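Visitor: next one to model:
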Amino acid sequence: MVGMTKLNAMIFRFPLPAIALLFLSALPAAAEPPPPVKTEFSPIEYGARFDGVTDDTEAWKRAIAQALQANYGAAITVPAGRSLVRETLRIPLTGNKAIAIRGMGADVSEIVWTEPVDGITVSFKDHASHARDAFATGGKFSFEGVSLIHGAPFTKLVTSAGTPSGNTLHFASTKGLAVGMYVSSHVNKAKISASAAITAVTDTSVTLSEDVTGEVPAGTELVFFHIANSALRINGDSNQRFGVESPELYIRDTSIHGFSGGDLFTPGGSWLNGIVCNNQTVIRIDGAYITFSRCGTVGTGILIQGEYPTHLSDDHHLTNIKVLFGDVGINLGNGNPGFEGLFVENSSLVGCERYGIWAHTSNSITDELTVTGCHINAGRAAFKVNGMTQVGLANNFVIVGCGAGHGAEAVGFDFKNVACFTLTGNLLQFDPKNAGGGWGVIVDNDAGWGDKTWSSVIGHNSFMTPRTGGMAFRNHAANILVNGNSIVTAGKPVEVAETAKVNVGINQINGEMVGGFEKK
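Guide: A predicted model of the protein is given here:
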């Protein structure tokens, strides 16, 4: 009891909070937490104004440089407004670096280039990927919610008397013109080629790369504008032979404007290409709006190309793509794309001067191309496919023979040296104003493709008013079943060459069901 009394006295003298403080004071002091690692940067921090007047180039370059200093990755945030830049914005990524550019939304956050240069170029460098890190993750670049605009100024000039002179145009003054600018006049488009560029300038005349055909009257107003190469260019350099995760590209909610003259017929500048992916192994593009000027030289909405086998692409998905007035909507290849799988879904490629989708290789290593639920409007061909292994085209709405394709032969689906394809549920219509000929489908295989050809199907499609004919099977087209299609044409419904191997089943031709035949 005496002991308990002493203990009670001690507790009374030292209340519990005080006792706790005594024990805590005896412990070593806790280390200060490290400062948070900065992973978000904005050009605003480095002086950018986004007011559509101030040159923000240096602020952008500083923001990119700081983001690249992060150990693994960082985001560059883009506020609402219009930022003017005069140089290409370059983003070199090495190893497993990841950079994201995030805006407030397409046509809310805008970058405008005031000179005819590439917009943004991203380069992946990754030759030591086997020793990169324990997780073997690849570099990544994402781009979201930003518009890329070609804003180089255009010049309007009025021709002087005696204008026509071969490839020379005369003016009272050529102030504002420079070599490399293109000339356009929708009023006299038949007189001056849409691809004519200035090759020489004097005080009172310009020399063009192409001759002027016919007379251009004095007093004709012409527009001269710049063309830059690409709005967004991705240069991959990944070596996948070590079996590690490959670099990835992700683009979402993006607008690319290839003109800035105020209307479709007054270009202030144009991109030659919207998005270019070179040797890029994994691509995801969801929601990209790409538009070119309707006059002058126009380019490609999305270009995907690569080298085989060093840069074999993995798989690509293009969804909700809209391309207006390009020469080619989506160009896959440029000789040898080497992709294993590419899927295009729910997209609109309208006003394409030549091809909606052009897939071409120099060999048959390409594995799979699938296009579904797309609207394609093109001059020469909706689909032009050359040298591929497997192609699947389903439930697409296609119009061909329109725009610049007037007077030329148009083809809905043009297959050359394709080993295996399915063409099902597509609706093809020919522009009634097109005076040229045209086929719904052409299949043409060279002799060397005889042992590479698998079974193919053309079924349940509708081909409306092709002038020359419905379907043509040429040379060594083989192992093809044609059944259940509807063909309306004043030409030949089906043409099969002597060397082709085609089984034609029951199809509806000009409103009547027609039995088939087998051609071996």
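Visitor: under the pLDDT cut-off, which ranges of the stretch 301-450 of the chain? List them.
Guide: The model of the stretch 301-450 of the chain has pLDDT under 70 over residues 307-314, 334-339, 362-367, 403-407, 450.
Visitor: try 80
Guide: In the predicted model of the stretch 301-450 of the chain, residues 306-315, 333-341, 361-367, 403-408, 433-436, 449-450 satisfy pLDDT under 80.
Visitor: and the stretch 51-200 of the chain, by the same measure?
Guide: Judged by pLDDT under 80, the stretch 51-200 of the chain has its weakly predicted residues at 95-96, 125-139, 161-165, 185-191, 194.
Visitor: all strands for it, in order.
Guide: Shown for the stretch 51-200 of the chain, the strands assigned by DSSP state E, counting those that start in this stretch span residues 51-55, 73-77, 81-85, 89-94, 98-102, 109-113, 120-125, 140-144, 147-150, 155-158, 168-170, 182-184, 198-201.
Visitor: so can I have TSV of the ones you listed showing distance to residue 402 and mean neighbour count?
Guide: (Each C-beta comes from the backbone N, C-alpha and C, glycine too.) Converted to TSV, these look like this (distance: least, CB to CB, whole Å; neighbours: other CB atoms under 10 Å):
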stretch	distance to residue 402	mean neighbour count
strand 51-55	36	12
strand 73-77	41	20
strand 81-85	34	21
strand 89-94	36	18
strand 98-102	36	21
strand 109-113	31	24
strand 120-125	33	21
strand 140-144	32	22
strand 147-150	25	25
strand 155-158	29	15
strand 168-170	30	20
strand 182-184	20	26
strand 198-201	30	14
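Visitor: out of the ones you listed, which gets nearest to residue 497?
Guide: strand 182-184 (42.5 Å; CB to CB).
Visitor: which strands and helices sit next to the closest one?
Guide: Using 3 or more CB pairs under 8 Å, 6 or more residues apart in numbering; DSSP states H and E as the contact criterion, the elements in contact with strand 182-184 are strand 221-225.
Visitor: counting by contacts, list what the strand it packs on packs against.
Guide: The elements that strand 221-225 packs onto, with contact taken as 3+ CB pairs under 8 Å, 6+ apart, are strand 155-158, strand 182-184.
Visitor: mind checking how far the shortest one is from the chain centre?
Guide: Put simply, strand 182-184 sits 24 Å off its chain's centre (CA atoms, centre = their mean, to the nearest Å).
Visitor: list the contacts of that strand.
Guide: By CB atoms under 8 Å, 6 or more residues apart in numbering, the surrounding residues in contact with strand 182-184 are 169, 192, 194-198, 206, 208, 222-227, 267, 270, 293, 295-297.
Visitor: now the longest one
Guide: Surrounding strand 155-158, the residues in contact under the criterion CB under 8 Å, 6+ apart are 171-177, 181, 219-225.
Visitor: need the residue closest to the centroid of this structure.
Guide: With distances taken as CA atoms, centre = their mean, residue 302 lies nearest the centre of the chain, 1.7 Å away.
Visitor: is that residue bridged to anything, and to what?
Guide: residue 275, residue 330 (DSSP bridges).
Visitor: relative to residue 441, how far out is it?
Guide: 25 Å (CB to CB, to the nearest Å).
Visitor: can you check residue 170 too?
Guide: Going from residue 170 to residue 441 by CB to CB gives 49 Å.
Visitor: again with residue 468
Guide: The gap separating residue 468 from residue 441 is 11 Å, by CB to CB.
Visitor: neighbour count: the two, which is higher?
Guide: Neighbours per residue, other CB atoms under 10 Å: of residue 468 and residue 441, the larger number sits with residue 441, 28 against 20.
Visitor: run through the residues that contact the closest residue to residue 116 other than its chain neighbours.
Guide: In space, and not counting its chain neighbours, residue 116 is closest to residue 226: 3.7 Å by CB to CB, 6 or more residues apart in numbering. Contact analysis of residue 226 by CB under 8 Å, 6+ apart lists 116, 150, 152, 154, 180, 181, 182, 269, 270.
Visitor: who does the last one form a beta bridge with?
Guide: Meaning residue 270. residue 227.
Visitor: what of the second one?
Guide: On DSSP bridges, the residues paired with residue 150 through beta bridges are residue 113.
Visitor: these two touch, right, it and residue 115?
Guide: No - shown here, residue 150 and residue 115 do not form a contact pair, counting by CB atoms under 8 Å, at 9.6 Å.
Visitor: touching both of the two, which residues are there?
Guide: With contacts defined as CB under 8 Å, 6+ apart, the residues adjacent to both residue 150 and residue 115 are residue 228.
Visitor: quick one on the thing from earlier: columns distance to residue 306 on top of the helices and strands packed on strand 221-225, output as JSON lines?
Guide: As requested, these are exported to JSON lines (distance: least, CB to CB, whole Å):
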{"stretch": "strand 155-158", "distance to residue 306": "38"}
{"stretch": "strand 182-184", "distance to residue 306": "29"}
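Visitor: out of those, flag the one nearest residue 329.
Guide: Each of the helices and strands packed on strand 221-225 was scored for nearness to residue 329 using CB to CB, and the closest is strand 182-184 (21.0 Å).
Visitor: where exactly do the strands run in the stretch 401-520 of the chain?
Guide: Here the stretch 401-520 of the chain has its strands, by DSSP E, counting those that start in this stretch, at 410-424, 427-430, 438-445, 456-459, 462-464, 469-475, 480-483, 486-488, 492-496, 502-504, 507-509, 512-514, 517-519.
Visitor: cool, thanks, signing off.
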